[in-house]
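Visitor: let me see the structure of the following:
(2 chains)
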Amino acid sequence: MTPYRFDIRIRHNRRTLVEIEAFHLPKGKVTFLLGESGIGKSLSAKALFGLLETEEFDARIDGQPYADHRRSPLAERFLREGFFVFQEPSTHLNPLMRLEDQISEGSLAGAPARAAILAQLWQESRPGEIQSLLEVYPKANRPSGGEKQRILCAMAFLKMELAARHGAADPLFVFDEPTGNLDNRYRDIVLEEILRHFRQFRPTVLLITHDYSMISWVTRQHGDILESINFTELSLEEGRGKLREFQPRTYLGWLSSRQPVRSGREAPEGHATILRVESGISVYGRTLGFSRTPGGEGCPLALRRSSMAYLKAPSGTGKTTIVKIMMGLVRGRNLRMQLGSGILSEATPRRLWQERIWGKRMTMVFQHADEALNLRSRVREVFEGLPLPESRTAEAIGAELLQFFGGSIPRGFLDQEVGTLSGGQKQRLNLLRSLLLDADVLILDEPLNGLDFTSMQRVLELLERKVKEGRALLLISHNEEIFDALVAPENIYYLSASFPE
Amino acid sequence: MNARRSPSGRWLANEEYRWALLWLGGLALLWIWNTLYLNPPALAQLEQAFVNTLIGAAAVVVMTLLLGWSVGTGLYFLESRGRRMVSLGLTFALNLLRSVPQMVGILAGYIILTILIQREVLQSPALQVLWMAFTVTAFTFLELADVIRERIDFYRRSDFFDAMLCCGIRESRIVNIEILWKNSVAHVLQKLIAVFGMAIFLQCSIDFIISVGLSREVSLSNFPVTLGGLLATLDSKQDILAISTFFTNPAYLLRLATTHLQGISVAFAIVFTLLCVYKVSNGIVRRYRL
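Guide: Numbering: from 1, shown residues only, chains lettered A, B, ... in the order given. Next up, the predicted model:
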């Protein structure tokens, strides 16, 4: 079958947001569209599907005005027969309708197997939990992000069931980061459902993600239909989007060659512990503790110099909260923490954190670069005001930046507003701002968020370098596959939450 | 769809620029008209009043910026450094000031000004204008201080603030440069423009009230002339009253525009300026979605 092929150009306020020549989508196959965030993957998919606001964007598909594409039989068919799972599920759900009504509304009315699909996506739910969830009018915090995402996926699967039953002619199903709010277990369930439905009637599926570990899961679980699965990577070259086939073996080969990061000069256990945090910290009505195995006996979290530790837990346990407590940003009761020879607790005055710890002994990279950076700053200003050693001159920072961006900084990049950068570029700046510091302890919350494969490799190389320089790194990440390979088993910790009776 | 426009067209597409230009154009036309038809002493008085009013309002804006910024950030730092009692005391004093009606407060400032003039402490007209501006500022700066606190509190709850703290960036830099300078200039500018309009309105109202004799304690005889003061003079009042003749006798319009210019010009300058300031401020609100 001839693949769909489009030339896409989208502009907003005289600025080109997306320009892709030959965006191709093989019919009757699953395409995993990989690449760093913020370079136009979602916008392109929305444009193809006929979902762009003509008032807001100046778009052209194949050189024609966007309004013509929206009126075309193809876009009308996409809308009628297919489904689009949005990256931010809140935007898709109507706050004035119960979820139950929304999943059986319009073209989803009469869809079969609703209960079975919901049960599949809510495995291990308590009796009545699904029904009580369906009674909810969606609000900001209820259902949770992960539940909203699963509801949207359920709607897509219902539409797939209907399309299979009616023999729809090559419908398009788009899943835009469908597992972004899910932990690995539910991520696997959603992927399994997508591919199970695909096997039924072979529709065209576009799955947008920057989670490269999906490659190994798909290869492992659905190796028999690999000829029907495409991995494509979108990258920016001189401001234009380029689509390239991404060979699974590139990632798999790289992953299998990873070894746990060791500096080769670790001191014996207990001798070079730079940070030690006791279990039993209470916050927001729960008590958080560390263990060496899932659900195992409590133990302190100990970080040694020249080491990389990995903190794991299911979504919503409080990983980000615990590291914010460790950074003195959130007050948790019973905090007992030793940093070098100093003791820190919830009573430690903020002034001490400010004067002696933040940026000097400890630093943290926040998970969402969009929220952690000042979007109104220029790139060069991101590094202003940091307590950097004198050796880090503006030239030295420029050199680091160049190296970190693969020697390919576009002209005028340093004077560009952070808000105009792609998600991956923002994430690299977010990381670099903390990695330039001389802090003993670096806490990294989802450091690989929004990065493409090349950037991910560069970030990991830099992290390895920091370990070899004697720093202690604590990582939180849903990229378990990657960090399980990089972190020595003795440095993996599990976080658990217990609730008072 | 975005239509292609020339740079000047794009500039004028912004409501605030369009109204600022209209304001300048309207005042220029008024001035040209007055140079043709208004007698020179009255014109000189009108020009002086306009300049004094503008300088006064501009001084209010500058003082509001300095005082509002200092108080807004000062309160935040007092709280963040644990000086709760000092912060509470200052908040209480500011709320006390907030509870005083603006007109009453400014009138009290004018009484002090009268005393200072009578005792020959404050003789320079420039200093008198500055004192008047300071009096108005005392009752407007809290509006800016509130905006500044709101902006700091908004970002204080975000990762943006904590992420910078964790990198060792000084809190004063985060507040003053990263939050207020880089992210709140439009909010501050919009508030200052509103304060500019408010200063003109308050100054004109108070000067008018005083000069028509509602207050026995203060007299405008020794104060610098302003638009409000000029509007209250007998000549201006007769000019304004002449407008009513036009409603019964439309042929009077030409005479109105050539022989009753002082009062009408003052009234026009005040109302037109306030309208334009309001529109400029609204334009900024819409453009930056404040």
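Visitor: what secondary structure does the closest residue to residue A:286 other than its chain neighbours sit in?
Guide: Ranked by C-beta to C-beta, 6 or more residues apart in numbering or on different chains and with sequence neighbours excluded, the top spatial neighbour of residue A:286 is residue A:497, at 4.5 Å. Quick note: C-beta positions are derived from backbone N, CA and C, even for glycine. Secondary structure state of residue A:497, per DSSP: H, G, I helix; E, B strand; the rest coil, is strand.
Visitor: please name the residues that touch residue A:497.
Guide: When contacts are counted by C-beta atoms under 8 Å, 6 or more residues apart in numbering or on different chains, residue A:497 touches A:286-289, A:313, A:317-318.
Visitor: what sits up against the longest strand along chain A?
Guide: Assignment by DSSP state E gives strand A:15-25 as the longest strand of chain A. Applying C-beta under 8 Å, 6+ apart, the external contacts of strand A:15-25 come out as A:3-11, A:31, A:39-40, A:43-44, A:47-48, A:57, A:172, A:204, A:206, A:234, A:239-243, A:420.
Visitor: out of these, which are buried?
Guide: Among the contacts of strand A:15-25, those scoring as buried are A:4, A:6, A:8-11, A:31, A:39-40, A:43-44, A:47-48, A:57, A:172, A:204, A:206, A:234, A:241, A:243 (criterion: 16 or more other C-beta atoms under 10 Å in any protein chain shown).
Visitor: of those residues, which ones also sit close to chain B?
Guide: Restricting these to those touching chain B (C-beta under 8 Å from any C-beta of the partner chain) yields residue A:11.
Visitor: in strands, which of the buried ones among the contacts of strand A:15-25 fall?
Guide: Using DSSP E, the members of the buried ones among the contacts of strand A:15-25 that fall in strands are A:4, A:6, A:8-11, A:31, A:172, A:204, A:206, A:234, A:241, A:243.
Visitor: give me phi/psi at the closest residue to chain B within the stretch 251-400 of chain A?
Guide: Nearest to chain B in the stretch 251-400 of chain A, going by C-beta to the nearest C-beta, is residue A:359, at a distance of 1.6 Å. Torsion angles at residue A:359 (phi, psi; degrees, to the nearest 10) stand at phi 80, psi -10.
Visitor: that one: what's it in contact with?
Guide: By C-beta under 8 Å, 6+ apart, the residues touching residue A:359 are A:386-387, A:437, A:439, B:166-169.
Visitor: so how far is the longest strand of chain A from its chain's centroid?
Guide: Strand A:15-25 has its C-alpha centroid displaced from the chain centroid by 23 Å (C-alpha atoms, centre = their mean, to the nearest Å).
Visitor: how about that strand: buried residues?
Guide: A:17-20, A:23, A:25.
Visitor: which one of those is nearest chain B?
Guide: The closest of those to chain B turns out to be residue A:17 (C-beta to the nearest C-beta; 12.3 Å).
Visitor: which residue does the stretch 101-250 of chain B have closest to chain A?
Guide: residue B:168 (1.6 Å).
Visitor: neighbours around that residue, how many?
Guide: Residues within reach of residue B:168, counting by other C-beta atoms under 10 Å in any protein chain shown, total 24.
Visitor: what does residue A:65 give?
Guide: Using other C-beta under 10 Å, the number of residues around residue A:65 comes to 14.
Visitor: distance of it relative to chain B?
Guide: According to C-beta to the nearest C-beta, to the nearest Å, residue A:65 stands 8 Å off from chain B.
Visitor: check contacts around that residue.
Guide: Residues near residue A:65 by C-beta under 8 Å, 6+ apart: none.
Visitor: what pairs with it across the strands?
Guide: residue A:60 (DSSP bridges).
Visitor: re the thing from before, and the residue of the stretch 101-250 of chain B closest to chain A, helix, strand or coil?
Guide: From three-state DSSP, the assignment for residue B:168 is coil.
Visitor: give the buried subset of the contacts of residue A:497 as a ChimeraX selection command.
Guide: The following ChimeraX line selects those of the contacts of residue A:497 that are buried, judged by 16+ other C-beta under 10 Å:
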select /A:287,288,289,313,317,318
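Visitor: nearest spatial neighbour of residue 260, skipping sequence neighbours?
Guide: All of this is about chain A. For residue A:260, ignoring the flanking residues on the chain, the nearest one in space by C-beta to C-beta, 6+ apart is residue A:488 at 4.0 Å.
Visitor: chain B was what I was after
Guide: residue B:239 (4.0 Å).
Visitor: the one you found - that's part of a helix, no?
Guide: Yes. Secondary structure of residue B:239 (three-state DSSP): part of a helix.
Visitor: I'd say it and residue B:264 touch.
Guide: Yes. Here residue B:239 reaches residue B:264: they are 5.4 Å apart, a contact under C-beta atoms under 8 Å.
Visitor: number of nearby residues for the closest residue in space to residue B:80 that isn't next to it in sequence?
Guide: Distance criterion C-beta to C-beta, 6+ apart; nearest residue to residue B:80, sequence neighbours excluded, is residue B:171 at 6.8 Å. Using other C-beta under 10 Å, residue B:171 has 17 neighbouring residues.
Visitor: and if you look at residue A:298?
Guide: Neighbour tally, residue A:298, other C-beta under 10 Å: 15.
Visitor: what do you get for residue A:294?
Guide: The tally of other residues near residue A:294 (other C-beta under 10 Å) stands at 11.
Visitor: can you check the one 3 residues further on too?
Guide: The tally of other residues near residue A:297 (other C-beta under 10 Å) stands at 9.
Visitor: and it, how far from residue A:289?
Guide: 9 Å (C-beta to C-beta, to the nearest Å).
Visitor: before we move on, what about residue A:478?
Guide: For residue A:478 relative to residue A:289 (C-beta to C-beta), the value is 21 Å.
Visitor: check residue B:258 too.
Guide: Distance of residue B:258 to residue A:289, computed by C-beta to C-beta: 89 Å.
Visitor: ditto for residue B:31
Guide: Taken as C-beta to C-beta, the span from residue B:31 to residue A:289 is 77 Å.
Visitor: not counting sequence-adjacent ones, nearest residue to the closest residue to chain B within the stretch 1-150 of chain A?
Guide: Closest approach between the stretch 1-150 of chain A and chain B, counting by C-beta to the nearest C-beta: residue A:58, at 5.0 Å. Leaving aside its sequence neighbours, residue A:58 sits nearest to residue A:11 (C-beta to C-beta, 6+ apart; 4.3 Å).
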